[in-house]
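Undergrad: I'll drop the sequence and a predicted model, then ask my questions.
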Amino acid sequence: MRVGIDLGTTNSLVAIFGDDGPRTLENELGDHLTPSAVAIATDGSLVVGRAAKDRLVVAPDAGRAFFKRDMGTSATYEFGGRTWTPTECSAAVLRELKRVAELRLGEPVTRAVVTVPAYFHDPQRQATIEAARIAGLEVDRILNEPTAAALAFGLRHADEERRLLVFDLGGGTFDVTVLETFEGLVEVRASGGDSRLGGEDYTDALLDLVARRAGHAWTDGDRARVRQRVEVAKRALTASDRVDVDVGGVSIPVTRADFDAVTVELTGRLRPVMRRCLRDAGIAAGDLDDVLLVGGASRMAAVVAFVSEELGRLPNRSLDPDRVVALGAAVQAARADRHAAVADVVMTDVCPHSLGVAVARSYGGRVEPGAFCPILDRNVTVPVSRVERFHTIAPQQDTITIEVFQGEHRLTADNTFLGAFEVKGLRQLPGQPHAGEVDIRFSYDTNGILEVEATVLHSGRRVAQVIQSRPGALTEAQVKDAVARLQPLKVSPRDLLPNRARIERAHRRFAELTGIPRRLLAEALDAFEDALASGDRDGIGMAAARLDAAIARAYDDEGEAPGPAGGAS
Ligand code: AMP
């Protein structure tokens, strides 16, 4: 069975299409959301998800979160004594989701539909496919997140004719998509976004405010420790007008108005993206039938107010913004599986960026290189294939370099470089028709992967290339190496997810406490570690209960569910 995966900036989910439609799967902790975090535990092993997130609170340098933002770039991180790429970190999360799915389904899972922000560039998509490969998953389809949301929504309203705007503000990315649904047809009209704007920026802005009010210079360690509280405070401000953030025993009050004031610029960045998307779709705000909010950060009061005001209507909140993308991915997985329940669903998507080549312009004999000539305009329906004719500048020129870019700017320097290749044999020979001319064809598939083909007109010679050169691309050997490094470790009771999460949570609490509660917690933790070392199931169960109780007792009112759910395994 194929699964649908929402690989999010902050959290990731895996979903399947069951007898009752799509549903997300929970891990052994009872959570549907697996934090997109990886870390090295004290014993040197790799932990993923909740355990990693808790570990990062205590030891911010022991791992990494928010790597989705760096996908497709040459960024690297150092932890656990080696260098990690964002692709490898994502692979670890995907492998964890694969494990959860296999556990729930009782069968191997090797194929998946994985979602990405619509606004992800080609290199970011390629990196996602690569991450899945390392995790042992073949990607059937890279699906745009808002399209996935619309699929989940469209399935519920399959027979209605609707014009829909999906507003997706996640942890790290912002996407807007305008689409129409009609008799099982889900047709995307336009997508736009900002791949560097999300809920985490709001958390950072609030953290800066709290740091200013705390009145002393903070180290990175201080920030990491307080960030979790600020994150909780940010969520609290969604429901209430005022919160107090506890910083080292001092309570710092923050009002909703303060929060809105320090994030007004961030919220302002949403407007042009939304307007452009509506313009590209050729649909006026007043003609929309529904506005769907997706992504955890779309819950923020200022964001809801902004959307309502800008579109002149209240957004629809009938679907869980955390899960709707994963559910849509499962719908797409069911389509790939040819599931009867979705046999009538037809979907079309668009290419969110303009794609083209660099050309030289000649102005009164002066040749200026570096202009961008789009071949595929943004928001054209995919799959699509278009061809344009170009010619050499100088009569004796034999070679041209086709440089491929993605973006909307006039100059290539301001767009994203995707790759380049050379075409030879263009030299003009006397009497030959079409000398010095070349046809360049761009073909863009439903996964957002671009193929460029150049045909030299006078000889008919063709050079084709899938554009995939990008910084940080892994060689075959590196993929093998990465797979080996992520191989599952020997599973001792200590490595089972609930126990891992329990230990990391206890460490995190320990760092926050002082005095007697801290000592009691330490004793319970030692007893639990001893029980794990003994391997005695009953002993582990008893020690786990004691540790959970100690964690719960030590719990301050941070608003999270106390202690890991699920029994000792
Ligand atoms: P996602 O990438 O869709 O999981 O989005 C996660 C983002 O949503 C994070 O930045 C969270 O802080 C944010 N978020 C989740 N719940 C809330 C809430 N109730 N209020 C404000 N932000 C939230």
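TA: Now that the structure is in, tell me what you want to look at.

Undergrad: Which residue ranges of the stretch 301-450 of the chain form strands?
TA: Along the stretch 301-450 of the chain, counting by DSSP state E, counting those that start in this stretch, strands occupy 346-351, 355-363, 366-376, 380-382, 384-391, 400-406, 416-423, 437-444, 450-456.

Undergrad: nearest to residue 151, of these?
TA: Closest of the strands of the stretch 301-450 of the chain to residue 151 is strand 346-351, at 6.3 Å (criterion: Cβ to Cβ). For the C-beta atoms, the positions are set from N, CA and C on the backbone; glycine is no exception.

Undergrad: Now tabulate the strands of the stretch 301-450 of the chain in JSON lines and tack on mean neighbour count and distance to residue 120.
TA: Converted to JSON lines, these look like this (neighbours: other Cβ atoms under 10 Å; distance: least, Cβ to Cβ, whole Å):
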{"stretch": "strand 346-351", "mean neighbour count": "21", "distance to residue 120": "12"}
{"stretch": "strand 355-363", "mean neighbour count": "17", "distance to residue 120": "14"}
{"stretch": "strand 366-376", "mean neighbour count": "15", "distance to residue 120": "16"}
{"stretch": "strand 380-382", "mean neighbour count": "15", "distance to residue 120": "14"}
{"stretch": "strand 384-391", "mean neighbour count": "15", "distance to residue 120": "18"}
{"stretch": "strand 400-406", "mean neighbour count": "20", "distance to residue 120": "11"}
{"stretch": "strand 416-423", "mean neighbour count": "17", "distance to residue 120": "11"}
{"stretch": "strand 437-444", "mean neighbour count": "19", "distance to residue 120": "14"}
{"stretch": "strand 450-456", "mean neighbour count": "20", "distance to residue 120": "13"}
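
Undergrad: for those strands, which one sits closest to the ligand?
TA: The ligand sits nearest to strand 346-351 of all these, at 20.0 Å, using Cβ to the nearest ligand atom.

Undergrad: Would you pull up how far that closest one lies from the middle of the chain?
TA: Relative to its chain's centre, strand 346-351 lies at 20 Å (Cα atoms, centre = their mean, to the nearest Å).

Undergrad: Same check on stretch 90-105?
TA: For stretch 90-105, the distance from its own C-alpha centre to the chain's C-alpha centre is 16 Å (Cα atoms, centre = their mean).

Undergrad: which of the residues in it are buried?
TA: The neighbour-count check on stretch 90-105 (16 or more other Cβ atoms under 10 Å) flags 90-101, 104 as buried.

Undergrad: would you turn these into TSV with secondary structure, distance to the ligand and pLDDT?
TA: Converted to TSV, the buried residues of stretch 90-105 look like this (DSSP: H, G, I helix; E, B strand; the rest coil; distance: Cβ to the nearest ligand atom, whole Å; pLDDT from 0 to 100):
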residue	secondary structure	distance to the ligand	pLDDT
90	helix	13	97
91	helix	18	96
92	helix	17	95
93	helix	12	97
94	helix	16	97
95	helix	19	95
96	helix	16	94
97	helix	14	96
98	helix	19	96
99	helix	20	94
100	helix	17	94
101	helix	19	96
104	helix	21	92
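
Undergrad: just to revisit the earlier point, same list (the strands of the stretch 301-450 of the chain) but as TSV, adding distance to the ligand.
TA: Converted to TSV, these look like this (distance: least, Cβ to the nearest ligand atom, whole Å):
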stretch	distance to the ligand
strand 346-351	20
strand 355-363	27
strand 366-376	29
strand 380-382	24
strand 384-391	29
strand 400-406	23
strand 416-423	23
strand 437-444	26
strand 450-456	26
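
Undergrad: Mind putting these into JSON lines with mean pLDDT and distance to residue 152?
TA: Output for those, formatted as JSON lines (pLDDT from 0 to 100; distance: least, Cβ to Cβ, whole Å):
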{"stretch": "strand 346-351", "mean pLDDT": "89", "distance to residue 152": "12"}
{"stretch": "strand 355-363", "mean pLDDT": "89", "distance to residue 152": "28"}
{"stretch": "strand 366-376", "mean pLDDT": "91", "distance to residue 152": "28"}
{"stretch": "strand 380-382", "mean pLDDT": "92", "distance to residue 152": "20"}
{"stretch": "strand 384-391", "mean pLDDT": "93", "distance to residue 152": "25"}
{"stretch": "strand 400-406", "mean pLDDT": "93", "distance to residue 152": "28"}
{"stretch": "strand 416-423", "mean pLDDT": "90", "distance to residue 152": "30"}
{"stretch": "strand 437-444", "mean pLDDT": "93", "distance to residue 152": "25"}
{"stretch": "strand 450-456", "mean pLDDT": "92", "distance to residue 152": "27"}
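
Undergrad: Can you give me the neighbour number for the residue of the stretch 301-450 of the chain found nearest the ligand?
TA: Going by Cβ to the nearest ligand atom, the ligand is nearest to residue 322 of the stretch 301-450 of the chain, at 5.9 Å. By other Cβ atoms under 10 Å, 20 other residues sit near residue 322.

Undergrad: so what pLDDT did whatever residue of the stretch 101-250 of the chain ends up closest to the ligand get?
TA: Taking Cβ to the nearest ligand atom, the ligand has its nearest neighbour within the stretch 101-250 of the chain at residue 199, 2.3 Å off. Residue 199 is assigned a predicted lDDT (pLDDT) of 96.

Undergrad: Equivalent analysis for residue 394, please.
TA: Looking at residue 394, its pLDDT is 82.

Undergrad: so residue 26 touches residue 33, yeah?
TA: No: if you go by Cβ atoms under 8 Å, residue 26 and residue 33 don't touch, sitting 9.1 Å apart.

Undergrad: With neighbour numbers in mind, choose between these two.
TA: Higher neighbour count among residue 26 and residue 33: residue 33, with 21 against 18, using other Cβ under 10 Å.

Undergrad: any idea how far the more buried one lies from residue 40?
TA: Relative to residue 40, residue 33 is positioned 22 Å away (criterion: Cβ to Cβ, to the nearest Å).

Undergrad: Then residue 52?
TA: Distance, residue 52 to residue 40, by Cβ to Cβ: 9 Å.

Undergrad: mind checking which helix or strand the closest residue to the ligand within the stretch 401-550 of the chain is in?
TA: Scanning the stretch 401-550 of the chain for the residue nearest the ligand gives residue 508, at 17.9 Å (criterion: Cβ to the nearest ligand atom). In the assignment (DSSP states H and E), residue 508 maps to helix 497-512.

Undergrad: So for whichever helix or strand comes after that helix, what gets flagged as buried?
TA: Using DSSP H and E, the helix or strand that follows helix 497-512 in sequence is helix 515-534. For helix 515-534, burial by neighbour count (16+ other Cβ under 10 Å) applies to 517, 518, 520, 521, 524, 525, 527, 528, 529, 531, 532.

Undergrad: So what's the residue count around residue 194?
TA: The local packing of residue 194 (other Cβ under 10 Å) involves 17 other residues.

Undergrad: dump the residue contacts of it.
TA: Residues counted as contacts of residue 194 (Cβ atoms under 8 Å, 6 or more residues apart in numbering) are 119, 173, 174, 269, 273.

Undergrad: Then residue 171?
TA: Shown in contact with residue 171 (Cβ under 8 Å, 6+ apart): 8, 9, 10, 11, 66, 68, 198, 199, 200, 295, 296, 297.

Undergrad: Which single residue of the stretch 251-400 of the chain ends up nearest the ligand?
TA: For the stretch 251-400 of the chain, Cβ to the nearest ligand atom, closest residue to the ligand: residue 296, 2.4 Å.

Undergrad: what's around that residue, how many residues?
TA: Neighbours around residue 296, by other Cβ under 10 Å: 20.

Undergrad: again, but for residue 141
TA: 20.

Undergrad: And it, which helix or strand is it part of?
TA: Using DSSP H and E, residue 141 sits in strand 138-144.

Undergrad: Parallel or antiparallel, list what pairs with that strand.
TA: Strand 138-144 has its sheet partners listed here by DSSP bridges as strand 111-116 (parallel).

Undergrad: Lovely, talk soon.
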